Structures are given as structure tokens and as C-alpha cells.
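[1] Predicted coordinates and the sequence they were generated for:
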Amino acid sequence: MRSFPIKRFISILLLVALFVTCTAAPAAADDSIYIRVLLSRGTGSGFSAKIIEGEYELIDEEEDEVLDEYGPGDTIYINSGCILQEVDEDEDNIFSYAGTQYRGSLRAISNDATLYAVNVIDLEQYLYGVVGKEMGASHPEEALKAQAVVARSYGAAHISGSNKYYDVDKGTNSQVYGGYTAEREGGDAVIDAVDDTYGEVVTYKDKVISTPFCSNAGGHTETMSVVWSGSAAYDIPAVESPYDEEAGNYSEYGATTYQWVVEYTADEMEELCDEYDGTNIGTYKSIKVSTSGSDSGRVTRVVIKGSKGSVTADTQTKIRSLLGLKSTLFTVQDIGNPAPAGYVRSVTQTISISDFVPLFVRSAYYSVAKAINGGSGTVYAVDAFGEVNKLVSTSSDSDVVVFSGKGYGHGVGLSQWGAICMAHDGYDYDEIIAHYFSLDEDDDLDLQEIYDL
């Protein structure tokens with residue numbers, strides 16, 4: 001286990017992010033870094049919030065003027081350009097907004113068209129509302145600690161002065177944040193995981209890096225640049241994730257994140273294309289996939305063709321959006337367009353399958369036997385126990401496209417179910433992080449305390 005010094009000081013560069021709109025930021029404690037979390041966006045001139053615990057001031061940020069003070073039970077309408085800010089940050093200060101309770105402050109800020117509700121909160125307190133929401137409090141302590149470290153790194157890496165209104169949002173576009181409501185649901189296990197890893201982040205050349213994570217990598221993670229183009233300081237490499245397959249040992253849901261099958265009829269394939277970008281492909285004809293450029297066997301390009309047109313998806317996000325799949329780690333079988341079934345070679349000649357009486361085959365995923373050379377007839381098969389079984393020789397006019405896949409999510413960085421299963425097997429949180437982010441492969445990578453950077 002690495003040791004981490006406790007020396008802390010204000011991170012000026014990170015706090016500057018809160019002043020980028022030329023408005024006042026909440027006063028910060030000496031060892032605090034603040035993150036701005038988008039709770040909602042909409043229209044209008046403001047919104048309401050209710051004080052649950054603590055004392056708050058409503059401040060007009062443009063005039064730098066305290067408009068009023070509020071306490072528990074008070075409901076406040078916050079106009080654009082104002083912030084509901086804690087009076088004493090050392091006390092427990094809780095407000096409710098849109099049915100969820102949050103720590104920290106609440107800012108209303110807008111441009112000409114959009115009103116943003118933004119929770120300005122200490123980074124460590126923010127994690128109380130992330131870890132339980134992302135992983136769940138019932139999992140092993142070391143897995144929760146690993147989740148806390150990667151969530152802290154991810155959040156801190158996205159605090160930037162170039163972010164005009166907020167740094168992260170509360171959903172899956174960033175990392176799921178449930179505020180104080182989620183903190184209470186997570187209980188001591190979540191709070192301890194955050195506190196026991198206080199300030200720890202993954203760094204590359206002494207700078208915090210973004211550390212994405214997914215539910216289940218399906219046995220192998222993907223290189224970061226394959227999924228997201230750009231110039232990240234550190235391109236997280238693909239690694240094997242063998243513990244992913246053990247997810248089903250600890251949860252029925254976990255099993256569904258590792259391996260899955262999805263079937264679509266020809267009609268449904270046509271509907272998917274229309275829902276994706278409005279393309280009417282006509283009658284579905286075929287699907288082609290490519291894994292070119294992937295370091296883990298994930299699909300990087302999909303082309304669906306029909307009688308009137310085609311649809312192409314060539315990024316991870318687009319492919320999953322088009323096909324509605326849990327991940328891009330899949331193979332595809334088009335039952336309606338089978339590959340040649342085979343042939344028999346005699347000593348003197350090759351006999352085509354068309355020379356036989358009508359033959360039917362049954363897919364492992366397809367419940368009706370399919371005629372592969374027309375006609376009708378009866379086919380018998382011998383199973384593994386030597387029993388002779390008659391196959392139902394019913395042909396079908398409908399194509400069935402079968403997607404057999406593994407994993408849930410983009411597949412980059414930490415696999416949450418992999419981390420959970422590693423923790424069950426005795427791995428410490430720093431060992432889990434070292435594996436998924438290859439810390440032992442590069443001397444420039446390390447775990448450090450952010451308040452020492």
C-alpha cells in the first residue's frame with residue numbers, strides 16, 4: 001500500500017473555475033476544492049428550493065449583495081444571477097431542489113435561452129453522492145474505495161476555467177450524482193470509502209487525469225482513444241478484465257451486464273434506422289460490422305442496408321444508439337442471410353448442398369428451423385446423448401438478426417463489476433486501480449493526494 005502525506009493547501013487554479021462567469025463563488029475552506037454540478041437546464045427566470053438544514057444567504061452575484069437570509073423550512077425563489085449560499089460551511093447545510101436533497105450551494109445562471117441550476121459543492125462531499133449511486137453500498141470496502149478514487153479523479157480532472165457554467169452534470173454523461181439523498185442511502189460504507197481515500201487521485205506526470213469507468217468491460221477494456229478522439233494527457237490502454245465474468249456470482253443483475261443476447265426482426269431493424277436518424281431504408285437487406293482499430297474486439301463501424309438506402313454508425317456512442325445495445329463488444333448473426341452451410345466432398349467430386357433433398361437448420365437463438373435451400377421436408381438430428389430428435393421443418397419469411405454481446409458501457413478504464421469481483425477475491429483498492437489504469441507499467445503514473453499537487 002502507498003502512503004499519502006496529509007499536507008493540504010488551496011488549489012488556486014481549480015478555484016478560478018468558479019469565477020469564470022465573473023460572479024462570486026462560495027467562500028472556500030483552506031483544504032477545499034469546489035466542483036460545479038449541473039442539476040437541470042430549462043427556461044424561465046428562476047426556480048424554487050427549500051432549506052432542510054442549516055442557514056443560507058441569497059446573494060445577487062452581479063451586485064455582490066446579500067438579499068436575505070433563510071433557515072430550515074423556508075422556501076426560496078432563486079432568480080437568475082443569484083446563488084443560495086451557506087452561511088457557515090462547517091455546519092451541515094442541506095437544501096432540496098426538484099425532489100432531491102443536496103449539500104453545498106445552489107446557483108441560478110442563464111444565457112439568452114437556457115437557465116441552469118448548478119450545485120456548487122466541495123469535491124469530497126460531492127463524492128458522497130456519487131459513490132453509492134454509481135456502485136451501491138453493499139459491495140466490498142475495497143471496491144468502494146476504488147470507485148471513490150476514480151470518481152474523485154474524474155471529477156477533479158473536469159474542473160476547468162474553460163467551463164462557463166458547470167464542470168460536470170449529474171447523469172451518465174459525467175458520473176451519476178444523487179446528492180445528499182444518495183449519501184444517506186449509501187450510509188457509512190460510502191462515507192468511509194470517500195474519507196479513507198481522502199484526496200487520492202490518479203495522476204500522470206503529477207497532473208490529475210480523467211479516469212472513466214463502466215459497469216462491466218465484458219472481459220477486456222478498450223483503449224481510451226479508440227472510444228473518444230482527442231488529445232488526452234494520458235491515453236488509458238486496453239487491459240484484460242477476467243473478473244468481469246464472475247459478476248453473476250454476486251448478483252443476478254451482474255450476470256446480465258457480462259453476457260447478453262438481443263434479437264431484432266427485419267421490421268425492427270427498419271424501425272431502428274428510422275428512429276436513429278430518420279432514414280427510411282425500405283426493406284431490410286443486410287448488416288455489416290467491422291472491428292478495425294479496436295484493441296479489444298469491439299465493433300467500430302456498422303452499416304445497415306435496405307432496399308431504399310442505408311445507415312452507417314462509426315463511433316461507440318452512435319453504434320449503441322443505433323442498435324440499442326449495452327456495449328459494442330458483440331458479434332452479429334443474420335439468420336435471414338446465412339453463410340453457406342457446407343458441402344460434402346467425395347473421392348471424385350464435390351457435391352453441392354443443393355443436390356440434397358431440402359435441408360433445414362436450427363439456430364441456437366432461433367426457435368424455428370430454417371430452410372436453407374428451399375422446399376420442405378423432415379430432418380432428424382442426433383443429440384449429445386445419442387437420442388434421435390425430429391426437427392420441426394417450418395420455414396419463415398422473416399429475418400432475425402441476433403446480437404450476442406458482452407459488457408455494459410463504453411469499456412474504458414475501471415470495470416465496476418471487475419473491481420467488485422477483484423475485491424471479493426482479496427485485492428486492495430490501489431491494486432485494483434493499478435490494474436485498470438496500468439500504474440505499474442509507467443513511472444509517470446501514480447496515486448497522489450490532490451491537495452499536495
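    Arrived safely, thanks for sending. Numbers count the residues shown, from 1 in each chain.

[2] ok but Ala117 is inside a strand, no?
    Yes. Applying DSSP: H, G, I helix; E, B strand; the rest coil, one finds Ala117 inside a strand.

[3] Break the protein down into its domains, please.
    12-212+413-452, 214-337+399-409, 352-398 (automatic domain parsing).

[4] CSV for the ones you listed, including mean pLDDT and mean neighbour count?
    Every C-beta, even on glycine, is put in place using the N, C-alpha and C of the backbone. Formatted as CSV, the domains of the chain follow (pLDDT from 0 to 100; neighbours: other Cβ atoms under 10 Å):
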stretch, mean pLDDT, mean neighbour count
domain 12-212+413-452, 91, 19
domain 214-337+399-409, 94, 18
domain 352-398, 47, 12
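
[5] Tell me who's in contact with Tyr165.
    Contact partners of Tyr165, counting by Cβ atoms under 8 Å, 6 or more residues apart in numbering, are Thr21, Arg36, Leu38, Ile109, Asn111, Tyr116, Val118.

[6] which one among those gets closest to Ser286?
    Leu38 (41.5 Å; Cβ to Cβ).

[7] from memory the closest one sits against Asp169, does it?
    Yes. In this structure Leu38 lies within contact range of Asp169 using Cβ atoms under 8 Å: 4.1 Å.

[8] Which neighbours do those two have in common?
    By Cβ under 8 Å, 6+ apart, no residue touches both Leu38 and Asp169.

[9] Beta-bridge partners for Lys50, please?
    Lys50 has these beta-bridge partners by DSSP bridges: Thr75, Ser96.

[10] Could you pull up the residues touching it?
    Per Cβ under 8 Å, 6+ apart, neighbours of Lys50: Gly73, Asp74, Thr75, Ile76, Phe95, Ser96, Tyr97.

[11] In terms of distance to Glu275, which of those residues ranks first?
    Tyr97 (32.6 Å).

[12] That closest one and Thr328, how far apart?
    Tyr97 is 36 Å from Thr328, where distance means Cβ to Cβ, to the nearest Å.

[13] OK, contacts around Phe403?
    Applying Cβ under 8 Å, 6+ apart to Phe403 gives the contacts Val261, Val262, Glu263, Tyr264, Leu323, Leu325, Phe330, Thr331, Val332.

[14] Grab the nearest non-local neighbour of the fourth one.
    In space, Tyr264 comes closest to Val401 once its chain neighbours are excluded; the distance is 4.9 Å by Cβ to Cβ, 6 or more residues apart in numbering.

[15] Which secondary structure state does the one you found sit in?
    Val401 ends up strand, using three-state DSSP.

[16] does it really touch Val261, like I thought?
    No. Applying Cβ under 8 Å as the test, Val401 and Val261 come out as separate, 11.3 Å apart.

[17] Pipe the contacts of Lys50 into a markdown table and attach distance to Ala193 per row.
    Listed next are the contacts of Lys50 as a markdown table, based on distance: Cβ to Cβ, whole Å:
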| residue | distance to Ala193 |
| --- | --- |
| Gly73 | 32 |
| Asp74 | 33 |
| Thr75 | 34 |
| Ile76 | 33 |
| Phe95 | 25 |
| Ser96 | 25 |
| Tyr97 | 25 |
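
[18] out of these, which one sits closest to Glu240?
    Distances from Glu240 to the contacts of Lys50, taken by Cβ to Cβ, are shortest for Tyr97, at 42.7 Å.

[19] got a list of what the nearest residue to that closest one once chain neighbours are set aside touches?
    Distance criterion Cβ to Cβ, 6+ apart; nearest residue to Tyr97, sequence neighbours excluded, is Ala49 at 4.7 Å. Residues counted as contacts of Ala49 (Cβ under 8 Å, 6+ apart) are Thr75, Ile76, Ile78, Leu84, Phe95, Ser96, Tyr97, Leu106.

[20] let's go with 10 Å and repeat that
    Ala49 is in contact with 56, 58, 70, 74-78, 84, 95-98, 102, 106, 108, 117, counting by Cβ atoms under 10 Å, 6 or more residues apart in numbering.
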